[in-house]
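Visitor: Here's my sequence, what's the structure:
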Amino acid sequence: MSLPLSPCSASIRNHAESLGVSALGIAAAMPVQRYAAQSYKEWIGAGCNAGMGYLDRYHDVREDPRLLLEGAKSVIVCAFNYYPSVCRDKRLPEFALYSYGADYHEVVRERLSLLAAMIRGEFGGETRVCVDTAPLRERYWAQMAGVGFIGRNNQLIIPGKGSYFFLGEILTTVEFVPDEPCRLSCGDCMACVKSCPGKAIMPDGRVDARRCLSYLTIEHKGEFDAPLNLGNHLYGCDECQSVCPHNRNAVPTDIAEFQPSEAFMALDRNAIAGLTPEKFNSIFRHSAVKRAKLAGLLRNLRHLDS
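Guide: Coordinates of the predicted model:
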């Protein structure tokens, strides 16, 4: 439940909706709560971030978003639906649904930049747009802003809509009326824990990236440290989302950039194995898949079920 909207925040929501934002919430910019800071440090201390060393940096900024923008008073969290209107044939190597269309960093940043410009023009103040690159606790702030809650699989779940959403934030020096934090939880079905191929999701909600197929197929560099069967997961993994009851109501996105191309949809094992650097760049130039690079994609292909 949200607090009464001020005319200011109402106009922001209306403009955000015109830019494709599915859900928006506002939180007061302040230090993260102690339990959240401590649990994150314990997660890092246990080595659960695997080879993602960047997650063990800038802890002061992660704990206080005001360090990202001097004088910040509000954190505006926006969610963008990426669920595609058509999915690849399950017999083909699987790509995580978030990678079907254009790179969300580009799409979300462009749209949030337009929203930030509207805020500056109408209310004054300074803004900073963050899209998964600044050390900001995105899902924490989404929950504090009332957008949704953090599920057992560590995905942000929007009530009635599910978890197939990109998050982006606007920090601003303008002080808006904040929303009530979301106090819901995902319950005890344990579907994500049971279905995780790498057994990376723990019952208490921690995710060990060292066992997560999303980490292993995207972030891990070089050969795998031990023999590994990826099943049919070539790039990323959606198992914990596909079994989540909250995603039963998922609907396709209206954002054209998140729809897959014909060339992407047609990629089978032979086509992937025969990709040249030029062809890879042609298909994935504006895709999140470029993060794994061609070498990573070909490495993953060798570890799929035969």
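Visitor: From here on, just use CA atoms for contacts and neighbour counts.
Guide: Fine.
Visitor: can you give me how far the strand or helix carrying I119 is from the chain middle?
Guide: Assigning secondary structure by DSSP states H and E places I119 in helix 104-123. Relative to the centre of its chain, helix 104-123 is centred 18 Å away, using Cα atoms, centre = their mean, to the nearest Å.
Visitor: How about stretch 84-96?
Guide: Relative to its chain's centre, stretch 84-96 lies at 19 Å (Cα atoms, centre = their mean).
Visitor: Check stretch 224-243 too.
Guide: For stretch 224-243, the distance to the chain centre is 17 Å (Cα atoms, centre = their mean).
Visitor: now swap in stretch 93-107 and tell me
Guide: That offset, for stretch 93-107, works out to 11 Å (Cα atoms, centre = their mean).
Visitor: can you check stretch 65-82 too?
Guide: 15 Å.
Visitor: wait, isn't C196 in contact with C237?
Guide: No - if you go by Cα atoms under 8 Å, C196 and C237 don't touch, sitting 9.0 Å apart.
Visitor: Can you pull the phi and psi angles for I76?
Guide: For I76, the backbone dihedrals (degrees, to the nearest 10) come out as phi -100, psi 120.
Visitor: Ok, E239 next?
Guide: According to degrees, to the nearest 10, E239 has phi -60, psi -40.
Visitor: tell me, how many neighbours does it end up with?
Guide: 18 (other Cα atoms under 10 Å).
Visitor: quick one on the thing from earlier: neighbouring contacts of the helix holding I119?
Guide: For helix 104-123, the surrounding residues in contact (Cα atoms under 8 Å, 6 or more residues apart in numbering) are 8, 12, 15-16, 19, 80, 126-132, 166, 168-170, 174, 257-258, 288.
Visitor: Next SSE downstream of that helix?
Guide: strand 127-130.
Visitor: Show me what that next one is packed against.
Guide: Contacts defined by 3 or more Cα pairs under 8 Å, 6 or more residues apart in numbering; DSSP states H and E place strand 127-130 against helix 104-123, strand 165-172.
Visitor: So for the shortest one, mean pLDDT?
Guide: This points to strand 165-172. For strand 165-172, mean pLDDT is 98.
Visitor: Quick one, which of the contacts of helix 104-123 are buried?
Guide: The neighbour-count test (16 or more other Cα atoms under 10 Å) marks 12, 15-16, 19, 80, 126-132, 166, 168-170, 174, 257-258, 288 as buried among the contacts of helix 104-123.
Visitor: For stretch 44-55, list the C-alpha coordinates in PDB.
Guide: Taking C-alpha atoms only, stretch 44-55 is exported to PDB below (Å, rounded to 0.1, in the frame of the first residue of the first chain):
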ATOM      1  CA  ILE A  44      30.700 -11.900   0.200                       C
ATOM      2  CA  GLY A  45      32.700 -13.400   3.100                       C
ATOM      3  CA  ALA A  46      31.400 -16.800   2.200                       C
ATOM      4  CA  GLY A  47      32.700 -16.500  -1.300                       C
ATOM      5  CA  CYS A  48      29.300 -16.700  -2.900                       C
ATOM      6  CA  ASN A  49      30.100 -13.900  -5.300                       C
ATOM      7  CA  ALA A  50      32.500 -16.400  -7.100                       C
ATOM      8  CA  GLY A  51      34.700 -14.500  -9.600                       C
ATOM      9  CA  MET A  52      32.700 -11.300  -9.500                       C
ATOM     10  CA  GLY A  53      35.300  -9.300  -7.600                       C
ATOM     11  CA  TYR A  54      33.500  -6.100  -8.500                       C
ATOM     12  CA  LEU A  55      30.800  -7.000  -6.000                       C
END
